[in-house]
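Undergrad: Attaching a predicted model along with its sequence, questions to come.
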Amino acid sequence: MFRRRRRAEEETAPVVAGVGERPAAPTRTSGPWDAQEAYPEAERVDLGGLLLPVGPRFEIQLSVTGDHIDGAIVLVEESALRVQALAAPKRSGIWDEVRAEIAREVTAAGGTVQEQEGPFGAELAARVPPAPGETPQPVRYLGVDGPRWLLRAVISGRAALDSTAAEILENVVRDIVVVRGDEPMPPRETIHLRLPAEARQAMEQQAMEQQAGAQEEFRPFERGPEITETR
C-alpha cells in the first residue's frame, strides 16, 4: 500500500566521468548499496532514487514536500523507519555534520540526545517531544555515507528501544539500493523519488475512469428528463 505524507528536508554534487576518478566510498560488506555496485538480489520496490526492500508485513508510505516525493516510510507492526537519500560531495561524506545538526535541533526542541555506536557506525539515540509539552518519544537517527550520497534513516516506535524489532528495520536499511544518478546536485539536496510503475498505472487508470464518469454525466446538448422548478 502506498500513501503520501507531507514533510521536508535537504542535500550532493556532480559526477565527473571518464577521468579515471571514481568517488571515494567506504568499503562495505553489506548495504546500503550504490546502484553501480554489485548488490545482492532481493525483492525491492523501485522508487527511482531508492530501491526499497519490501516484506509481507510492510506498509510503505511516501513522504512529499511540495510536488516532490523526498522520502519513504516503512511501517512494521509498532515500528516505523523513515529513509531519505541526500546528495553529498564527491570526496567526503556529510553524516558527521548532519548528525551534529540533528543533535542541536533535538536539544533546541526540548529533547535529549546521546551519540552511540550502532550497526552502521555513529548514530544518535534521542527522545523527542512530538509537540511542545508532550512526552518525549524514543527515536534513533542513523546515517550511512555512500559515493556522492548520504542515506539518512530515522527509527521510531517500538524498534527505537527493542533490539529484536530494530533488527527488522536495520535489515531494510542494509538492503536499500541508492540510485544517485549522474546529474549535478548541490550537497544536501534530496534525491527525489517517484511512485512505482504499478502505483502510477493504478492512479492513471483511476483518473481515466473518473474522467469517463464525468463525461458520461455531463451532456449539455443531450435532452434528458424534464424538471420543473417550484418556488
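TA: Ah, there it is. Residues are numbered from 1 along each chain as shown.
Undergrad: Let me see the ranges of the helices in the chain.
TA: Applying DSSP state H to the chain gives helices spanning 95-108, 163-175, 197-217.
Undergrad: so what's the most centrally placed residue in the chain bridging to?
TA: Nearest residue to the geometric centre of the chain (Cα atoms, centre = their mean): residue 71, 2.4 Å. Here residue 71 sits in beta bridges with residue 63, going by DSSP bridges.
Undergrad: thinking it is in contact with residue 81, fair?
TA: No - assessed by Cβ atoms under 8 Å, residue 71 is found out of contact with residue 81, at 10.4 Å. For every residue, glycine as well, the C-beta is placed using N, CA and C.
Undergrad: quick one: residue 94 and residue 145 touch, right?
TA: Yes - using Cβ under 8 Å, residue 94 is in contact with residue 145, at 6.9 Å.
Undergrad: Give the intersection of the neighbour lists for those two.
TA: residue 88 (Cβ atoms under 8 Å, 6 or more residues apart in numbering).
Undergrad: quick one: the strands in this structure?
TA: 2-6, 33-34, 44-46, 50-53, 59-65, 68-76, 79-87, 112-118, 121-128, 137-146, 149-157, 177-178 (DSSP state E).
Undergrad: any idea of the angle the fifth one forms with strand 68-76?
TA: Our comparison of strand 59-65 with strand 68-76, counting by axes from the mean of the first three to the mean of the last three Cα atoms, to 10 degrees, yields an angle of 150 degrees.
Undergrad: For strand 59-65, name the packing helices and strands.
TA: Contacts defined by 3 or more Cβ pairs under 8 Å, 6 or more residues apart in numbering; DSSP states H and E place strand 59-65 against strand 2-6, strand 68-76.
Undergrad: what does the fourth one give?
TA: On a contact count with 3+ Cβ pairs under 8 Å, 6+ apart, strand 50-53 meets strand 44-46, strand 68-76, strand 79-87, helix 163-175, strand 177-178.
Undergrad: Indicate which one of these is closest to residue 36.
TA: Ranking the helices and strands packed on strand 50-53 by proximity to residue 36 (Cβ to Cβ) places strand 177-178 first, at 9.8 Å.
Undergrad: now for that closest one, which elements pack on it?
TA: Using 3+ Cβ pairs under 8 Å, 6+ apart as the contact test, the elements touching strand 177-178 are strand 33-34, strand 50-53.
Undergrad: Need the residues that contact the last one.
TA: When contacts are defined by Cβ under 8 Å, 6+ apart, strand 50-53 is touched by residues 35, 42-45, 60, 72, 74, 83, 85, 171-172, 175-179, 191, 193.
Undergrad: what pairs with residue 140 across the strands?
TA: Applying DSSP bridges, one finds that residue 140 bridges with residue 125, residue 155.
Undergrad: Quick check, it in contact with residue 158.
TA: No - contact criterion Cβ under 8 Å: residue 140 and residue 158 do not qualify, at 11.6 Å.
Undergrad: Any stretches of the chain with poor pLDDT?
TA: For the chain, the stretches with pLDDT under 70 are 1-28, 199-231.
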